[in-house]
Every structure is written in structure tokens, then in C-alpha cells.
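Colleague: return atomic coordinates for the entry below.
(one chain, ligands or ions: 1)
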Amino acid sequence: MADSEPTISKGLEGVYIAESSICKVDGQNGRLYYRGYPIDALAKHSDFEEVTYLLLNGRLPKGKELEDIKKQLASARDLPQGIIDIILEQSGKADPMDTLRTATSALSAYDPETPDMSPAANMRKSLRIISRVSSIVATIGRVAAGGKYVKPDDSLGHVANFMYMLNHKAPDKRQLDIMRDMFIIHAEHSSNASTFGTMVAGSTLADIYSAITAGISVLKGPLHGGADEAALRMMKQIGSPENTEKYIESALAGKQKVMGFGHRVYKAYDPRAKIIKAYLISLQPGASQELKTYTAIALKAEKMMVERLGASHGIWPNVDFFAGPVYTAAGIPVNLFTPIFAASRSAGWAAHMLEYWQNNRLFRPLEKYTGQVDLKYVPIKERE
Ligand SMILES: CC(C)(COP(=O)(O)OP(=O)(O)OC[C@H]1O[C@@H](n2cnc3c(N)ncnc32)[C@H](O)[C@@H]1OP(=O)(O)O)[C@@H](O)C(=O)NCCC(=O)NCCS
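Modeller: Numbering: from 1, shown residues only. Next up, the predicted model:
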């Protein structure tokens, strides 16, 4: 009997892969919830450790639980020398995302629990990897700037310590507020490409280091995590607010994608972009000339894109559009944007693995074969 004609969902659009209680993305209304809590409330009131606890455990922590997770994350921060050596060796040769991928993969060698797939060991390893991915990203940035490895400071919170390891200086309040919000906003986003990539690797019962390394690989591309860097590079290329209209006109006329716009799920304004935009505007008093220029370009481009493609095509600014100027205000170099996204998202990737492993099934989709069959093998000499 001939196979029935399969329906192909290109890019898996509209395909549900699992049940999950971690994150709801309401793309029609532009709403985002972590474990039921609106992202705006978490960005306003929470910190990264609390959000990590929430994602991994399904509820907000009580006082002692928050203290414990802070201690667990802090105690894993220091990087083994072998990981520092990888970063030193690759600095100046590899893209920071490539170094992050390699160093994260190598972390498995320094964790005696790597092969232990029990839920308790997976929770402990998740905290260690979340902690250390941030240390790796900070060290990549530190070494790229000509500095040496900075030992973590256990008296600082996760994000403050990240900034300390990056700059060998504790952040000021403004930098800390920005980075705390960016870490919270990027921590989770349901079954996006990198989370799915993580889950595909993890569904083979490969360990959490393998799974998160896969997530980092998937995050790298400009259609996903790399869009924040691409959006800022675009603003740099535009150069001044007066050039914005011409640039956007010509991009749209040439059917070029404008980075930082559009989303597979959001057909309304991305709520994360709204938070970051408000932040950017709040940073204007006392802003540097560079930040003022980026802001003016971003607001002009946003207005044009929303007028042309917003309500009519469902193409709105996404989380990546305003992120670059805000990171710039915190002194973050452009090629660390995507690695920082990974440092934050490692919490969401781990949460998804812990949930999926409770009821694991190997991912194994199908493809419609369009080639030939039963060809006769021709020896190489007869192929001329
Ligand atoms: C994110 C993204 C990949 C999702 O897109 P998708 O669901 O796969 O949709 P497509 O890429 O097929 O785009 C659908 C249509 O919208 C247009 N479109 C999508 N994003 C666009 C953008 N940023 N600028 C201009 N046009 C865009 C496409 O050109 C296409 O038009 P067409 O139907 O006339 O060919 C896409 O919007 C994109 O590439 N955005 C830029 C990269 C980015 O910011 N990524 C970060 C996401 S958080």
C-alpha cells in the first residue's frame, strides 16, 4: 500500500512537541509568563537566582530556599584551570559563541556526576552548569579585553559577580539594574529553536552538558540569539538618525530582513521588547552621545517598521531589537551579547530538560523522501 501523502510543517511551525508548565508565550496578545508569573512582574521585583529557582522548581522559593540556591550557584562559579586554558587558547581566534560552546562542553570533564542521570544529580548539575556558563562568558570577555581570569566573589549575587568577573570591578547600580533585567528577560522562552535543540540532544538521554552544549550551538545563528548583535551592528552601519529611513526603505525594497523584528510566535509587540525599550528611554538623561545616537536610530526604525509591517503583517520589534543599545549602556561589548543570552537561557534550557526527562521520549521526526530507489551501483572506473 502506498504511503499516504505526509503533511510537512516547514520549520515545525504549529507543531506541539510536549506538554510543559514552564513558560507560556501568548503570541496573539504579546504576553509572556514564567511558571504563571508575568515577565513584567519578575523583571520589576525578582532577581536571577529567584527566577532560576522558579523555572527549575515550578514555584517561587521561600527564604531559606532562596538562600540555598544562591549558595549553590555561588559555590560552583570558580572555573577549573582546564576551562580557563580553553578560553585563553581560543581568545582572538574563535567567535565568543564558539569558545563558549567548546568550554561548556568541556565542563563535563570536571563534574564527577556527569553520567548520573538521577533527578537529584540532574538538579545539582543544572545549578553547576548555570553558574559556570556565566563564569565562562565573563572570562571570555575579560580575556578578550586583555585581562586575566578573575576569581569569583562569593559575597556578590549571580549577576553582580558576572559583571565583577568581566570587569574586575563590581558593577555600579545602573549597570547592575540593566544586567539583572536582561538576565531575567532572557532566562526562558518555551520551545524556541535552542530549547528544542537542547531537548533533542537530551531526549537521547545524553547528559545535561551535552544537551546545553547543543542549545548553545543552536542559539548562535542570527535568526535566533545572534539577532541582538546583528541589530546593533545594523544601527552602527546606519550611523546617524537621518540615514535610518533610507536604510530601512532599501532593506524592505530588497526583501532583506531587518534584524530584531519579527517572531515565529509573537504576532503582537514582544513584551520583552517593551520592557527593554522602556529601559532604554529611562537611560536617556545623562546618556553618552553613542547611546543617544543608537536610541534615535532605534526609535526611528521601530516607528517605520511598525507603520509598515506591524498590524498588517504581524512583524513587531522582538527582544533583540533594543537589547544592543541597553547592553552598550552597561559597557558590554557587542560580541558578548549572544553569549550573555546563553548564560541567562541556560536556566530555561535546564528547566526544560529536568521537566522533559520526567516523561522522556526520544525525538525522531520523519522526512518525506524525494530521491530515487534501487539504483544500480556503478564501480568508480565505469562512472566516466
Ligand atoms: C524570527 C524569524 C526567523 C521568524 O520568522 P518566520 O516565522 O520563520 O517567518 P519568515 O522568516 O518565513 O517570514 C515571513 C514573512 O515576513 C517577512 N519578515 C519576517 N521577519 C522580517 C524582518 N525582520 N524584516 C523584514 N521582513 C520580515 C519575511 O520576509 C516573510 O515575507 P514574505 O512572506 O513576503 O516572504 C524572522 O522574523 C526573522 O528572520 N527576523 C529577523 C531575525 C531576528 O530578529 N531574530 C530574533 C528572533 S527573537
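Colleague: so who does the residue lying closest to Asp26 once chain neighbours are set aside touch?
Modeller: Nearest residue to Asp26 in three dimensions, chain neighbours excluded: Leu32, at 7.2 Å (Cβ to Cβ, 6 or more residues apart in numbering). (Glycine included, C-beta is placed from N, CA and C.) Counting by Cβ atoms under 8 Å, 6 or more residues apart in numbering, Leu32 touches Cys23, Lys24, Val25, Asp26, Pro38, Ile39, His189, Pro271, Arg272.
Colleague: show me how to select, in PyMOL, the buried members of the residues you listed.
Modeller: In PyMOL syntax, the buried subset of the contacts of Leu32 is picked out as below (16 or more other Cβ atoms under 10 Å):
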select buried, resi 23+25+39+189+271+272
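Colleague: need the contacts of Leu32 in CSV (columns: pLDDT, secondary structure and distance to the ligand).
Modeller: Output for the contacts of Leu32, formatted as CSV (pLDDT from 0 to 100; DSSP: H, G, I helix; E, B strand; the rest coil; distance: Cβ to the nearest ligand atom, whole Å):
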residue, pLDDT, secondary structure, distance to the ligand
Cys23, 98, strand, 14
Lys24, 97, strand, 17
Val25, 96, strand, 11
Asp26, 96, strand, 15
Pro38, 98, strand, 19
Ile39, 97, helix, 14
His189, 97, coil, 8
Pro271, 95, helix, 12
Arg272, 95, helix, 9
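Colleague: export the contacts of Leu32 to JSON lines and tack on distance to Gly348?
Modeller: Formatted as JSON lines, these follow (distance: Cβ to Cβ, whole Å):
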{"residue": "Cys23", "distance to Gly348": "7"}
{"residue": "Lys24", "distance to Gly348": "13"}
{"residue": "Val25", "distance to Gly348": "12"}
{"residue": "Asp26", "distance to Gly348": "17"}
{"residue": "Pro38", "distance to Gly348": "16"}
{"residue": "Ile39", "distance to Gly348": "12"}
{"residue": "His189", "distance to Gly348": "7"}
{"residue": "Pro271", "distance to Gly348": "16"}
{"residue": "Arg272", "distance to Gly348": "13"}
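Colleague: any chance of the backbone angles for Tyr37?
Modeller: Main-chain dihedrals, Tyr37, degrees, to the nearest 10: phi -90, psi 130.
Colleague: tell me the buried residues in the host helix or strand of Gln237?
Modeller: According to DSSP states H and E, Gln237 maps onto helix 227-238. For helix 227-238, burial by neighbour count (16+ other Cβ under 10 Å) applies to Ala227, Asp228, Glu229, Ala230, Ala231, Leu232, Met234, Met235, Ile238.
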